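Colleague: Turn this into a structure:
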Amino acid sequence: MNILLNMPFKKKKNHIVAVNKDNKVREYASQKEAALDLGVQPSNISAVVTGKCNTIKGYAFTEADTALDCQGRQKVLSDTRLKANSRSFYVVDSKGIYKKYPNQRVAAKELGIHFKDISLALASKRRTVGEYVFIYANDVEKVDENNTPYVDEEKLHKMVDKIKSKGKKTVYIINPDGTYKKCYTQTEAADVLGVHKEGICAALSGGRNILLNHIIVDSDTVETIDENGDIVVNEKKIKELVLEKEKSTKEKPLYLVNSDGTYKKYNGPKEAYTDLGYSSSDLNSILHGKRDNIEGKSFVFAYMVESLDDDGNIVLNEEILEETRKRANQNSIYAIYSDGSYRKFSRRKDAIDNLGISGNQVDASLNYSRVVNGMVLIHANDIEEKTKSGVSLIREVLEERIRIANKDAIYAVNLSDGEYKKYDSILSASKELNIKEGNIRAVLKGRVIKTSGYKFIYANSVEKINDDGYPVPDEELIREITKKESKKA
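Modeller: The predicted structure is shown next:
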């Protein structure tokens with residue numbers, strides 16, 4: 001950085017400061033000295049100083065005694081640089097690549113276009129020359145902390161967009177995934193999609209704005225003015241158009257919802273049944289409400305669960321997802337055992353095949369809470385609930401079912417040593433202990449105190465459910481009951 005930038009000017013008669021467009025500073029004792037160094041006439045320098053012209057050979061000049069302190073010097077240098085930079089401009093091509101030129105003739109020679117066309121574009125009398133847009137450098141340049149000029153790319157591209165859009169409606173092509181491309185003419189939009197211009201025109205003027213699965217709209221539909229007065233794209237409107245399109249297209253996006261509450265989005269039924277190996281009729285029957293699920297899976301159209309919040313973000317309707325999960329779970333069954341363990345089956349047939357019981361036994365247990373082979377069955381939706389962490393079992397219902405499954409279970413207590421053992425039924429205890437079933441029932445009903453040295457107690461009367469949901473014996477209660485009965489005997 002030139003040390004002169006942070007020093008006040010020396011007050012000398014005819015003292016001259018020269019600044020070019022890159023903020024390079026030179027100081028001269030007189031206009032004559034400056035003219036000799038830069039190879040120009042003193043009269044040319046005088047014309048710049050007096051304001052008759054802006055620059056000569058890329059330099060602007062000012063008298064040093066116009067500002068004596070550092071703060072004043074910075075303003076003088078800034079104003080003088082803007083003068084030196086007044087003829088410079090940027091050329092931006094159709095791809096957004098830009099280059100700075102010092103004057104129109106240099107640009108015309110390099111780009112192969114007439115300098116008068118460039119002059120018309122810079123004067124805002126033409127939008128473009130060929131594929132090029134022209135913008136004065138002073139309109140898009142800033143100066144950094146080292147007083148070095150640089151281009152504000154965001155502002156540059158906004159100005160390009162504004163110039164190209166001036167006086168006409170541009171075309172937006174919105175892709176199925178919500179991304180979009182701005183085209184400045186219908187011809188450009190047609191080239192992007194590989195269709196005739198008439199197709200774009202028909203999409204814009206007709207009632208249906210869908211073309212090759214893309215949404216075609218004009219700039220008035222999706223552009224708005226922000227608080228700074230700049231033209232910006234309304235992202236929320238883009239998403240609304242995509243969601244609206246999904247409702248009307250044949251291949252509508254959908255969600256797969258599993259019985260455990262997890263879900264996955266597909267772009268359409270075809271993608272879903274190809275991925276999952278189902279037939280199209282299976283999916284359509286679920287989507288149109290003719291059946292609830294297939295193998296613990298249900299489906300719902302995306303437009304039924306998706307909506308936009310105030311910030312334009314897609315949010316899912318948790319209530320509809322939960323309803324769909326319950327549909328996926330409609331045929332699921334839990335088998336709950338007397339020890340508190342359980343198994344889940346996605347279909348009634350799976351329960352029959354894996355548990356070795358008949359359909360009638362399944363129905364009897366589901367409908368009348370009958371105990372079958374030491375277990376009781378319950379519909380999954382009757383025992384499950386949706387929580388923040390996922391799907392969990394309702395503890396009260398689980399405990400009740402454990403007690404039902406446990407109603408035939410008994411404890412056999414050896415009165416000689418106090419040891420005890422649980423049996424699923426009177427029959428299993430009878431076989432293992434070699435005691436007649438009638439004798440065991442007599443003890444359980446209180447007709448006798450003991451039989452063959454054993455006291456028998458129903459499990460539900462001496463068990464409690466622990467924090468993990470498993471029934472455990474209350475050892476103190478068993479000892480107390482045994483002690484009382486022993487005294488009676």
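
Colleague: show me what contacts the residue lying closest to Pro149 once chain neighbours are set aside?
Modeller: Leaving aside its chain neighbours, Pro149 sits nearest to Glu141 (4.9 Å; criterion: C-beta to C-beta, 6 or more residues apart in numbering). (Glycine included, C-beta is placed from N, CA and C.) By C-beta atoms under 8 Å, 6 or more residues apart in numbering, the residues touching Glu141 are 85, 149-152.

Colleague: among these, who's most crowded?
Modeller: For the contacts of Glu141, the largest number of neighbours (other C-beta atoms under 10 Å) sits with Asn85, at 25 neighbours.

Colleague: Restricted to helices, list the contacts of Glu141.
Modeller: For the contacts of Glu141, membership in helices holds for none, with DSSP state H as the criterion.

Colleague: From Gly277, how far out is Ile294?
Modeller: Summarising the geometry, the distance separating Ile294 from Gly277, computed by C-beta to C-beta, to the nearest Å, is 11 Å.

Colleague: higher neighbour count, those two?
Modeller: Under the criterion of other C-beta under 10 Å, the comparison of Ile294 against Gly277 puts Ile294 first, with 19 against 7.

Colleague: tell me the phi and psi of the more buried one?
Modeller: The phi/psi pair for Ile294 (degrees, to the nearest 10) reads phi -140, psi 120.

Colleague: so it sits right up against Tyr278, yeah?
Modeller: Yes - at 6.2 Å, Ile294 counts as touching Tyr278 under the criterion of C-beta atoms under 8 Å.

Colleague: Can you tell me the element the closest residue to Cys53 other than its chain neighbours falls in?
Modeller: Taking C-beta to C-beta, 6+ apart as the measure, Cys53 lies nearest to Ala47, with 5.1 Å between them; neighbours along the chain are not counted. Element membership of Ala47 [criterion: DSSP states H and E] is helix 42-49.

Colleague: And the next helix or strand past the lowest-mean-pLDDT helix or strand in the chain?
Modeller: Using mean pLDDT, DSSP states H and E, the weakest-scoring helix or strand in the chain turns out to be helix 70-84, at a mean of 59. On the C-terminal side of helix 70-84, the nearest following helix or strand under DSSP H and E is strand 89-92.

Colleague: Direction included, what does the next helix or strand after that following strand pair against?
Modeller: Tracing the chain past strand 89-92, the next element assigned as helix or strand by DSSP H and E is strand 98-101. Here strand 98-101 has these sheet partners by DSSP bridges: strand 89-92 (antiparallel).

Colleague: starting at the chain centroid, how far to the strand it pairs with?
Modeller: For strand 89-92, the distance from its own C-alpha centre to the chain's C-alpha centre is 37 Å (C-alpha atoms, centre = their mean, to the nearest Å).

Colleague: from the chain's centre, how far out does the helix or strand containing Glu319 sit?
Modeller: Applying DSSP H and E as the criterion places Glu319 in helix 318-328. Taking the mean C-alpha point of helix 318-328 and that of its whole chain, the gap between them comes to 21 Å (C-alpha atoms, centre = their mean).

Colleague: ditto for stretch 149-160
Modeller: Between the centre of stretch 149-160 and the centre of its chain there are 30 Å (C-alpha atoms, centre = their mean).

Colleague: Need the residues that contact it.
Modeller: For stretch 149-160, contacts defined as C-beta under 8 Å, 6+ apart pick out 21-23, 81, 85, 90, 92, 96, 98, 100, 133, 135, 137, 139-144, 230-231.

Colleague: quick revisit: report the mean per-residue pLDDT for the helix holding Ala47.
Modeller: The pLDDT scores in helix 42-49 average 79.

Colleague: same question, stretch 259-276
Modeller: For stretch 259-276, the mean confidence score works out to 90.

Colleague: Sketch out the low-pLDDT regions of the stretch 1-150 of the chain for me.
Modeller: Under the criterion of pLDDT under 70, the regions of the stretch 1-150 of the chain flagged as low confidence span 1-14, 21-23, 64-84.

Colleague: again, only using 50
Modeller: Under the criterion pLDDT under 50, the flagged ranges of the stretch 1-150 of the chain are 1-12, 67-69, 71.
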